[in-house]
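**Student:** Turn this into a structure:
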Amino acid sequence: MFYAIIAEDHEESLEQRLKTRPDHLQRLKKLQQEGRLLLAGPHPAIDSEDPGAAGFSGSLVVAEFPSLEDAREWANSDPYVTAGVYNRVTVKPFKKVLPGYKRVVMLRMQNGTSKSPFCPRLSRR
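**Tutor:** Just a heads-up that it's a prediction; the model follows:
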């Protein structure tokens, strides 16, 4: 199942965020390579793709985990948590409706990480 990991940054955490970013991204890339990452990205603190010194107010990660507890464990061990960037992290089950699930299934099948219970036909390819 997919889980949404919604994180809120501490104020004035931009410097620590930038310092910790490579380790944070490494974990996300691992999820992506495993075919489990649906989307991930920061929330700019202002209405701009490049917020500059305004920094970020938090992050959103939507990924597949075996259980809510596994998703929480993963989220709580994120480098942004351990470095004190995040003030609060919320993990919730997430049901993906649009766009279609087929794209995620195809990526997972390409790297051999899973079969789809939703599309048995695709699992046999």
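**Student:** So which elements touch the longest helix anywhere in the chain?
**Tutor:** Using DSSP state H to define each element, the chain has its longest helix at helix 14-33. Applying 3 or more CB pairs under 8 Å, 6 or more residues apart in numbering; DSSP states H and E, one finds that helix 14-33 contacts strand 37-44, strand 56-64, helix 79-82. For every residue, glycine as well, the C-beta is placed using N, CA and C.
**Student:** Could you chop this structure up by domain?
**Tutor:** 2-94, 99-125 (automatic domain parsing).
**Student:** highest average neighbour count across those?
**Tutor:** Ranked by mean neighbour count, the domains of the chain are led by domain 2-94 with a mean of 16 (mean count of other CB atoms under 10 Å).
**Student:** Can you give me the end-to-end span of that domain?
**Tutor:** Taking CA to CA, to the nearest Å as the measure, domain 2-94 stretches 5 Å from start to finish.
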